[in-house]
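Asker: Show me the folded form of this:
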Amino acid sequence: MGPCVQRELVKSLQSNSSISVRRARSILGLSHSTFYYRSKRDDSFVEGVIVNLLEKSPGLSKASLIRVIRKTYSWNHKRIERVYSKLALSECSRSAKGPPIKDANKEVKTPNVTWTIGTVDETYCDGTGIHAFQALYALGGYPHEVLGMEVDRSFPVRKITCALKFFIKHKGTPTHIIFWEAKERQHSTLANWCKRNGIRATFSVGFNPFRKYFERKYVENVSMKSFAKSMKEGASFIEHWFLQYNSCLP
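Answerer: Take a look at the predicted model:
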């Protein structure tokens, strides 16, 4: 958990429990200097350069990316690595299993033929402590919209397939589903379920510009600003946000 999240949790705990900031900091183990520190760095230009390069060449590893950037800019490699980590970019998998990453990232021009399924981690504070839960989302390939989202404490295979049935009932059956960063032990069961329903399944951990854009917007608008008092309240906030997101698609 980073300092930014800890600062927000301190503010939430202090307002919800009517305790002092100092007491809230001590509960979460956050020092005085870290709580009041404000960074003066502006890495927006560096972020833009990294994202543009990876959109043009999705197969670039982090080391190759740094070499390419340092041929044009005199930025320290540590700064590039820090911004790379901040953007939560995964290095492309070079495993021989499954189709190549560029095939999974290929833009589809037919509405909702390809879906992307992923999860984001969330928390809520009910006064007794901070509890974790997850939000499972489905993104349409074209247009790039949020097709649906489910919230629960965790998502084993049974809950993922139940969510998929619900999405299919309301949005129709896709021909291809990309599961991003699904647990390896879930691969065979999900692949068999897709096969029974006439859907091609792909499991990928590579770079996908739109997915990263969606998750970054989610973190900026929900994760950092929403401190629900219950999972139900968190689910309501998330649902409201993705309806707003679909109304102004990128």
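Asker: Alpha carbons of stretch 229-239, in CSV - could you do that?
Answerer: In CSV, the C-alpha atoms belonging to stretch 229-239 read as follows (Å, rounded to 0.1, in the frame of the first residue of the first chain):
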residue,chain,number,x,y,z
LYS,A,229,-18.5,2.2,4.8
SER,A,230,-19.7,-1.1,3.4
MET,A,231,-19.2,-3.3,0.3
LYS,A,232,-22.8,-2.6,-0.8
GLU,A,233,-22.0,1.2,-0.8
GLY,A,234,-18.8,0.6,-2.7
ALA,A,235,-20.6,-1.5,-5.3
SER,A,236,-23.2,1.4,-5.7
PHE,A,237,-20.4,3.9,-6.2
ILE,A,238,-18.6,1.7,-8.8
GLU,A,239,-21.8,1.1,-10.7
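Asker: residues making contact with that stretch?
Answerer: Outside stretch 229-239, the residues that touch it by CB atoms under 8 Å, 6 or more residues apart in numbering are 16, 122, 124-127, 131, 133, 135, 149, 151, 153, 222, 226, 228. Glycine gets a C-beta too; all of them are placed from N, C-alpha and C.
Asker: rerun at 6 Å
Answerer: 122, 124, 126, 133, 135, 151, 226, 228 (CB atoms under 6 Å, 6 or more residues apart in numbering).
Asker: what does stretch 65-79 give?
Answerer: Residues contacting stretch 65-79 (CB under 6 Å, 6+ apart): residue 80.
Asker: Would you indicate which residues of it are buried?
Answerer: Neighbour-count burial for stretch 65-79, counted by 16 or more other CB atoms under 10 Å, picks out 65, 66, 69, 75.
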